[in-house]
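S.K.: could you look at this predicted model? Sequence included:
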Amino acid sequence: MRTNYKRILLKLSGESLMGAQGYGIDTVRLNEYAAQIKDVAASGVQVAIVIGGGNIFRGLSGASKGFDRVKGDQMGMLATVINSLALSSALEASGQPAKVFTAINMFPIGEHYSKWRAIEAMKEGKVAIISGGTGNPFFTTDTGSALRGIEVEADVMLKGTRVDGIYTADPEKDPTATKFSEITYDEVYTRGLKVMDLTATALCKENRLPIIVFDMDTPGNLKKVLAGESIGTLVY
Ligand SMILES: Nc1ncnc2c1ncn2[C@@H]1O[C@H](COP(=O)(O)OP(=O)(O)OP(=O)(O)O)[C@@H](O)[C@H]1O
Ligand SMILES: O=c1ccn([C@@H]2O[C@H](COP(=O)(O)O)[C@@H](O)[C@H]2O)c(=O)[nH]1
């Protein structure tokens with residue numbers, strides 16, 4: 001595969017991991033993601049991954065049910081660690097080495113995250129799965145992805161999700177919404193588009209990290225994005 005990207009930060013949706021089950025981790029979806037990731041890693045692209053936790057717990061929805069928000073967010077961050085362990089297990093089982101890093105020290109579940117150790121792992125041919133979001137409450141894994149993508153000096157942040165790009169409105173709610181093939185960071189903000197949180201978009205803008213939003217649930221799409229096919233939406 002020919003690609004202009006040497007190192008990528010792939011953000012995976014926790015919610016997509018539950019597949020058709022409605023909760024938790026669907027092993028069919030998990031193994032399908034692992035196969036796509038192994039395929040691009042085998043072509044020499046260095047891969048760092050951040051996974052969401054929406055298939056297990058979100059602090060905001062916990063708070064709406066009476067949980068303390070900070071404890072709820074900590075539960076959400078732990079959910080991302082669970083998803084990361086599951087993905088590393090699927091990757092290793094497929095023959096692709098992977099290493100889990102945690103934003104908060106919880107050795108031996110993972111290695112305490114450091115930029116240099118994550119880069120070292122990728123240079124050794126391992127997929128670096130960076131879990132626990134930013135390690136702080138009141139953030140999301142989109143912001144965690146932007147942060148880690150900038151830290152590990154990725155060429156691009158790929159938001160692999162269940163929609164095939166950014167639309168004029170949420171395509172899951174508005175069937176008349178139309179898709180952008182590209183859009184500026186500022187336009188995402190001024191149009192109030194909710195595909196990812198504004199802190200993440202602002203961080204990417206300030207640090208000139210391009211974002212591509214694409215449908216990760218269709219097998220082969222990760223490879224297509226890396227090959228330069230415009231199947232998603234580029235934010236620049
Ligand atoms: N303008 C928009 N264009 C595209 N998608 C949008 C838009 N507004 C809202 N969305 C929604 O954003 C969602 C992004 O999904 P995704 O599951 O990646 O979010 P997430 O909150 O990061 O997930 P998780 O927390 O589970 O990782 C899509 O499911 C889509 O319905
Ligand atoms: O930096 C972070 C990242 C995440 N959280 C909490 O985890 C859940 C799950 O993450 P998603 O991005 O929603 O998938 C999130 O709702 C927060 O509660 C966090 O506190 N800090």
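M.R.: Yep, it's here. Ligands and ions are numbered 1, 2, ... in the order given.

S.K.: helices of the protein, residue ranges please.
M.R.: 14-17, 27-42, 59-64, 69-93, 115-123, 141-151, 185-190, 198-206, 221-226 (DSSP state H).

S.K.: deepest of those, which one?
M.R.: helix 141-151 (a mean of 26; mean count of other CB atoms under 10 Å). C-beta: built from backbone N, CA, C; applies to glycine.

S.K.: could you list every helix and strand in contact with that one?
M.R.: Judged by 3 or more CB pairs under 8 Å, 6 or more residues apart in numbering; DSSP states H and E, helix 141-151 is in contact with strand 7-12, strand 46-51, helix 115-123, strand 156-161, helix 198-206.

S.K.: okay, those in TSV with distance to ligand 1 and mean pLDDT next?
M.R.: Output for the helices and strands packed on helix 141-151, formatted as TSV (distance: least, CB to the nearest ligand atom, whole Å; pLDDT from 0 to 100):
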stretch	distance to ligand 1	mean pLDDT
strand 7-12	7	98
strand 46-51	7	98
helix 115-123	20	98
strand 156-161	3	98
helix 198-206	9	97
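
S.K.: find the residue closest to the residue of the chain found nearest ligand 1 in space, skipping its chain neighbours.
M.R.: Proximity of the chain to ligand 1 (CB to the nearest ligand atom) peaks at Gly52, 1.9 Å away. Of all residues not flanking Gly52 in the chain, Gly14 sits nearest, at 3.4 Å (CB to CB, 6 or more residues apart in numbering).

S.K.: roughly how far out does the lowest-mean-pLDDT helix or strand in the chain sit from the chain middle?
M.R.: The weakest-scoring helix or strand in the chain, judged by mean pLDDT, DSSP states H and E, is helix 59-64 (a mean of 86). Counting by CA atoms, centre = their mean, to the nearest Å, helix 59-64 is centred 21 Å from the centre of its parent chain.

S.K.: quick check, pLDDT for the residue nearest to Val156 when sequence neighbours are not counted.
M.R.: Leaving aside its sequence neighbours, Val156 sits nearest to Pro210 (CB to CB, 6+ apart; 5.2 Å). Listed pLDDT for Pro210 reads 98.
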